[in-house]
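1. heads up, no residue letters with this:
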């Protein structure tokens, strides 16, 4: 319940405050988005599995964003930034789909 | 090694932290059952705030990303729309100015005629001016004539081999009309005895050019697009057979069957052509003339005196008459 409200507040804040993303941060925004989605799906699945833990949830989200950003940053410096961000999106995307499948099994038993 | 990495990528979707945390909790629970004290209450509050902060952050990131994308995509679209609007406004302004110039020109002609017809010489001058203006395509005219329709070849319908869907291919170069096509048709019309010609309602004056700018065809610096309607005023009974017999007409007749361009000629009972945009003569200056006797053949001025200026008293200097003289409008530039 608190989680849903917080999520809604976050969305509303983002829409109302209209923060301008600095140019140097813009390449990392897609990665942050994928990491955020991964954290949300992982959290929902853990909740359904009955092993949810908010500390793990927050730490895993933040660290995923940071590590992904670091990998992409290094890739940018070494000339493989585009490929590495594709890699990050693929890995996190696979996890999102896997977790979504687990959630589906929980909810529909199918 | 690599297989196990791929395996874990494809099977372990959940962060291992959750399982470990659950294990820890279970251990704590057993410890508690065994009587060891833990600060369960504060930990609980911590967890809720953490969860709220984390989800707030996630919502924030998602909203920023959404806003960024929603803002970026319309940016380019907005710029394009703005440019299109600018062009449309510019065209509308130019059109309305053109109309205003035409109506003011008509007013000017009426005022001038009223002023000139007061005297007998003025009457002659007025008539002469009207003839010259008609020849220079500076006044709107109407009358019987013919209209020639010329159009690019229609896009060929082909079937995409991959999808099986019909594919529209732009007409290849052979089926597209060029500036020189319009030029040859217009020249053939002048030669056939046309007295006034307009392409897509752009009236041709003696100095009007028909030329290409990239893919576009410009008539008097205004772009015209296919299909082209060329209206020519003249005696249809003379114009039609003479034009149909011309080299250009026969060529486009045969080209239309080979390349699929459209080419039709038809007789018109009454065509109305508007005035051409006036040309400013920057270098040519009128000769000193006295009023020539009306109806007399306009004698060419004899080679002038040593100074080269027209000696006063030499009559003539009237430019070629309005009709019968094929005026070639072909500009030739840009080819």
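-> Done, it's in. None of these values were measured; they are calculated from a predicted model.
2. Helix, strand, or coil at the residue nearest in space to the middle of chain B?
-> Closest residue to the average C-alpha location of chain B: residue B:223 at 4.5 Å, with CA atoms, centre = their mean. Secondary structure assignment for residue B:223 (DSSP: H, G, I helix; E, B strand; the rest coil): strand.
3. Over to the residue nearest to it when sequence neighbours are not counted: give its phi and psi.
-> Distances taken as CB to CB, 6 or more residues apart in numbering or on different chains place residue B:216 nearest to residue B:223, at 4.8 Å, with adjacent residues excluded. For glycine as for every other residue, the C-beta is placed from the backbone atoms N, C-alpha and C. Torsion angles at residue B:216 (phi, psi; degrees, to the nearest 10) stand at phi -90, psi 160.
4. Which residues does residue B:216 form beta bridges with?
-> With DSSP bridges as the criterion, residue B:216 is bridged to residue B:213.
5. Cross-check the contact I'm expecting between it and residue B:226.
-> No: Residue B:216 is beyond contact range of residue B:226, at 10.5 Å (criterion: CB atoms under 8 Å).
6. who's more crowded, those two?
-> Remark: of residue B:216 and residue B:226, residue B:226 carries more neighbours, 15 against 12, as counted by other CB atoms under 10 Å in any protein chain shown.
7. contacting residues around the closest residue in space to the more buried one that isn't next to it in sequence?
-> Leaving aside its chain neighbours, residue B:226 sits nearest to residue B:152 (4.1 Å; criterion: CB to CB, 6+ apart). Residue B:152 is in contact with B:171, B:175, B:176, B:177, B:226, B:227, B:261, counting by CB atoms under 8 Å, 6 or more residues apart in numbering or on different chains.
8. Can you tell me the SS state at the closest residue to the second one other than its chain neighbours?
-> The shortest distance from residue B:175 to any residue that is not its chain neighbour, by CB to CB, 6+ apart, is 2.7 Å, and that residue is residue B:153. Applying three-state DSSP to residue B:153 yields a three-state assignment of coil.
9. Check whether residue B:183 sits in a helix, strand or coil.
-> Assigned with three-state DSSP, residue B:183 falls in the helix class.
10. doesn't residue B:209 make contact with it?
-> No: assessed by CB under 8 Å, residue B:183 is found out of contact with residue B:209, at 9.3 Å.
11. So which of the two has more stuff around it?
-> residue B:183 (21 against 18).
12. need the helices for chain B, in chain order.
-> Using DSSP state H, the helices of chain B run over B:2-11, B:16-33, B:40-116, B:120-135, B:179-192, B:236-244, B:247-259.
13. Could you report the neighbour count for residue A:50?
-> There are 8 residues near residue A:50, going by other CB under 10 Å.
14. what's the distance between residue B:221 and residue B:233?
-> 23 Å (CB to CB, to the nearest Å).
15. Between the two, point out the one with more neighbours.
-> Between residue B:221 and residue B:233, counted using other CB under 10 Å, residue B:233 has the larger neighbour count: 25 against 12.
16. Name all residues that make contact with the residue lying closest to that one once chain neighbours are set aside.
-> With CB to CB, 6+ apart as the criterion, residue B:233 has its nearest non-adjacent residue at 4.0 Å, and that residue is residue B:145. By CB under 8 Å, 6+ apart, the residues touching residue B:145 are B:194, B:196, B:231, B:232, B:233, B:234, B:236, B:239, B:268, B:271.
17. Tell me which entries of those lie within strands.
-> B:196, B:231, B:232, B:233, B:268, B:271 (DSSP state E).
18. can you state the direction angle for the helix ranked longest in chain A and helix B:2-11?
-> Longest helix of chain A, by residue count under DSSP H: helix A:81-108. With axes from the mean of the first three to the mean of the last three CA atoms, to 10 degrees applied, the angle from helix A:81-108 to helix B:2-11 works out at 50 degrees.
19. Helix A:81-108 - contacts with which helices or strands?
-> Other elements packing on helix A:81-108 under the criterion 3 or more CB pairs under 8 Å, 6 or more residues apart in numbering or on different chains; DSSP states H and E are helix A:29-49, helix A:54-78, helix B:2-11.
20. Measure how far that helix is from the centre of its chain, please.
-> Put simply, helix A:81-108 sits 10 Å off its chain's centre (CA atoms, centre = their mean, to the nearest Å).
21. buried sites along it?
-> Going by neighbour count (16 or more other CB atoms under 10 Å in any protein chain shown), the buried part of helix A:81-108 is A:81, A:84, A:85, A:88, A:89, A:92, A:95, A:96, A:98, A:99, A:102, A:103.
22. Nearest residue to residue A:15 in space, ignoring adjacent ones along the chain?
-> residue B:63 (5.0 Å).
23. one step back: quickly note the distance from the residue nearest to residue B:175 to residue B:174.
-> Plainly put, residue B:153 is 8 Å away from residue B:174 if you go by CB to CB.
24. Could you check the pLDDT of residue B:238?
-> What the model reports for residue B:238 is a pLDDT of 91.
25. ugh, wrong one, residue B:241
-> 91.
26. ok, the nearest residue in space to residue B:64 that is not next to it in sequence - how many residues close by?
-> Nearest residue to residue B:64 in three dimensions, chain neighbours excluded: residue A:14, at 4.9 Å (CB to CB, 6+ apart). Counted with other CB under 10 Å, residues neighbouring residue A:14 total 21.
27. show me what contacts residue A:14?
-> B:59, B:60, B:61, B:62, B:63, B:64, B:66, B:67.
28. Find the nearest non-adjacent residue to residue B:181, please.
-> In space, and not counting its chain neighbours, residue B:181 is closest to residue B:150: 6.9 Å by CB to CB, 6+ apart.
29. I figured that neighbour hits residue B:265, correct?
-> No: Residue B:150 is beyond contact range of residue B:265, at 9.7 Å (criterion: CB under 8 Å).
30. what do those two both touch?
-> With CB under 8 Å, 6+ apart, residue B:150 and residue B:265 have no common neighbours.
31. where's residue B:25 relative to chain A, distance?
-> 7 Å (CB to the nearest CB, to the nearest Å).
32. separation between that residue and residue A:51?
-> Distance, residue B:25 to residue A:51, using CB to CB: 8 Å.
33. out of these two, which sits in the more crowded spot?
-> residue A:51 (19 against 13).
34. Help me confirm that the more buried one is found in a helix?
-> No: going by three-state DSSP, the assignment for residue A:51 is coil, not a helix.
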